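>>> Here you go, sequence then predicted model.
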Amino acid sequence: MPYVNIKITREGATSAQKAQLIQGVTKMLQDILGKNPQTTVVVIEEVETDNWGIGGESITERRKRERK
């Protein structure tokens, strides 16, 4: 039973986009590894940009800097 955890920043992914991710990952595991889609679990976690950091700064700060 595969368990896939997808973490994305909370920046407006729609329900339709998340459904596509769930369907796509499930199909990929079925096609590549022969896993049963009925027992494949996909969880999407949305993380606030203040709680996600790269290179010593939060995504919030990085986005502000990149917009300048």
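Great, that's in hand.

>>> Which pLDDT does the model give residue 28?
The score at residue 28 is 98. That number is its pLDDT.

>>> Just confirm it is within a helix.
Yes. Assessed by DSSP: H, G, I helix; E, B strand; the rest coil, residue 28 belongs to a helix.

>>> Now do it against residue 63, distance only.
Distance of residue 28 to residue 63, given as C-beta to C-beta, to the nearest Å: 29 Å. C-beta coordinates here come from the backbone N, C-alpha and C atoms, glycine included.

>>> Residue 57 now?
10 Å.

>>> do the same with residue 22
Per C-beta to C-beta, residue 22 is found 26 Å from residue 63.

>>> how about the helices in this protein?
With helices called from DSSP state H, the chain shows them at 15-33, 59-67.

>>> Return the member of these having the minimum mean pLDDT.
Among these, helix 59-67 scores lowest, at a mean of 91.

>>> Pull out the buried positions in it.
59, 62 (16 or more other C-beta atoms under 10 Å).

>>> now stretch 39-52: how far from the chain's centre is it?
Using C-alpha atoms, centre = their mean, to the nearest Å, the mean C-alpha position of stretch 39-52 is found 5 Å from that of the whole chain.

>>> Other residues contacting it?
The contact list for stretch 39-52, computed with C-beta atoms under 8 Å, 6 or more residues apart in numbering, reads 1-11, 13, 18, 21-22, 25-26, 29-30, 58-60, 63.

>>> buried subset of the residues you listed?
9, 22, 25, 26, 29, 59.
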